[in-house]
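Visitor: quick one: sequence plus predicted model below, questions after.
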Amino acid sequence: MNVISKRGLHRLCKGKSSEVADELLAWFKTASGADWATLQDVRQCFPDVGQVGEVLVFHIRHNRYRLIVTVFYPARTIYLKALLTHKEYDREEWKKWA
């Protein structure tokens, strides 16, 4: 999969703990090396991933953060959208643009 973009991932990590950054980089490596065609394929790597509308939501740091991405399976492309704390995610403001 082509994850757009690693620079954007570093931007999302800015100001977060090193544990969050490490876990996001591990997620990036797994996603970049994956060949996902469906949500079921994604769940083989990340069993707790959820789909909300057109976006996928990954749990980061034991559900303290949520990574929101859009996946275009035919193009094998993942677009990073946001990294939210659990509290920010629960406000559901992100659903306006998701």
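Guide: That came in fine, so what should we check first?

Visitor: nearest spatial neighbour of Thr38, skipping sequence neighbours?
Guide: Using Cβ to Cβ, 6 or more residues apart in numbering and skipping the chain neighbours, the partner closest in space to Thr38 is Tyr73 (6.7 Å). Heads up, the C-betas are built off the backbone N, CA and C, glycines and all.

Visitor: contacting residues around that neighbour?
Guide: Taking Cβ atoms under 8 Å, 6 or more residues apart in numbering as the definition of contact, the neighbours of Tyr73 are Trp36, Ala37, Thr38.

Visitor: tell me the centre residue of the chain?
Guide: Central residue of the chain (Cα atoms, centre = their mean): Leu67, 3.6 Å from the mean position.

Visitor: which residues does the nearest residue to that one once chain neighbours are set aside contact?
Guide: With Cβ to Cβ, 6+ apart as the measure, Phe58 is the residue that lies nearest to Leu67, at 4.2 Å, once sequence neighbours are left out. Residues in contact with Phe58 (Cβ under 8 Å, 6+ apart) are Trp27, Phe46, Asp48, Val49, Arg66, Leu67, Ile68, Val69.

Visitor: list only buried entries from those residues.
Guide: The neighbour-count test (16 or more other Cβ atoms under 10 Å) marks Trp27, Phe46, Val49, Arg66, Leu67, Ile68, Val69 as buried among these.

Visitor: can you give me the offset of stretch 29-38 from its chain's centre?
Guide: From the chain centre to the centre of stretch 29-38 is a distance of 12 Å (Cα atoms, centre = their mean, to the nearest Å).
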